[in-house]
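S.K.: What follows is a predicted protein model with its sequence.
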Amino acid sequence: MKTAVITGASRGIGSEFVVRLLDNGWRVYAGYRQDMHRLDLLANENLFTCQLDVTDNASITAFANTIEHRVDLLINNAGVPDGRWRNIKEIDDEWALDVININSIGPVRLVRSLYDKMSSENLSTVVMISSLMGSIDDCHSGRSYAYRASKTALNMF
């Protein structure tokens with residue numbers, strides 16, 4: 001049985017990845033930040049849930065330690081928007097750094113923590129969920145500056 005790890009798995013596209021992979025016979029380790037949301041409704045013996053804060057190395061280590069199988073697929077889906085600013089003068093430094101920490105550095109932390117569980121013989125797949133807003137070609141509309149910067153940085157990893 002193949003094993004998938006999904007961050008940001010409690011709602012939206014993350015929870016849909018969980019459902020689809022379980023339906024296809026995968027074992028799924030699902031990380032959620034605060035509330036399980038839709039994960040509570042999924043009764044499946046191949047679903048393992050764990051609270052996960054991608055900004056906290058101790059949380060990531062605890063999450064990684066719950067995974068007892070080789071990881072075939074890692075989907076780094078956890079992320080936050082920054083839709084708080086309408087213009088550049090409204091940027092809050094602390095919040096902008098949090099957005100970059102979660103959206104850009106968090107996925108790198110997960111890859112690092114699971115590296116030994118991903119075999120080089122049978123290549124594991126790592127998926128980084130980005131956005132068109134992270135494209136340098138799509139910077140005409142402005143706004144969402146920290147989000148754009150975070151997804152551009154993620155694309156570089």
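M.R.: Received it, and whenever you're ready, just let me know what you need. Bear in mind that the values here come from a model prediction, so they are computed numbers and not experimental data.
S.K.: just for the chain, where's the confidence low?
M.R.: Flagging of the chain using pLDDT under 70 yields the residue ranges 84-86, 132-134, 139-141.
S.K.: where's the residue sitting furthest away from the middle of it relative to D98, distance?
M.R.: Ranked by distance from the centre of the chain (C-alpha atoms, centre = their mean), the top residue is K89, with 29.1 Å. As judged by C-beta to C-beta, to the nearest Å, K89 and D98 stand 19 Å apart. The C-beta positions use only the backbone N, C-alpha and C, and glycine is treated the same way.
S.K.: about what we covered before: what's the distance between the residue farthest from the centre of the chain and G142?
M.R.: Counting by C-beta to C-beta, the gap from K89 to G142 is 12 Å.
S.K.: Could you do E45 as well?
M.R.: The gap separating E45 from G142 is 48 Å, by C-beta to C-beta.
S.K.: Of those two, which one has the most company?
M.R.: A direct count of neighbours by other C-beta atoms under 10 Å for E45 and G142 places G142 higher, at 11 against 7.
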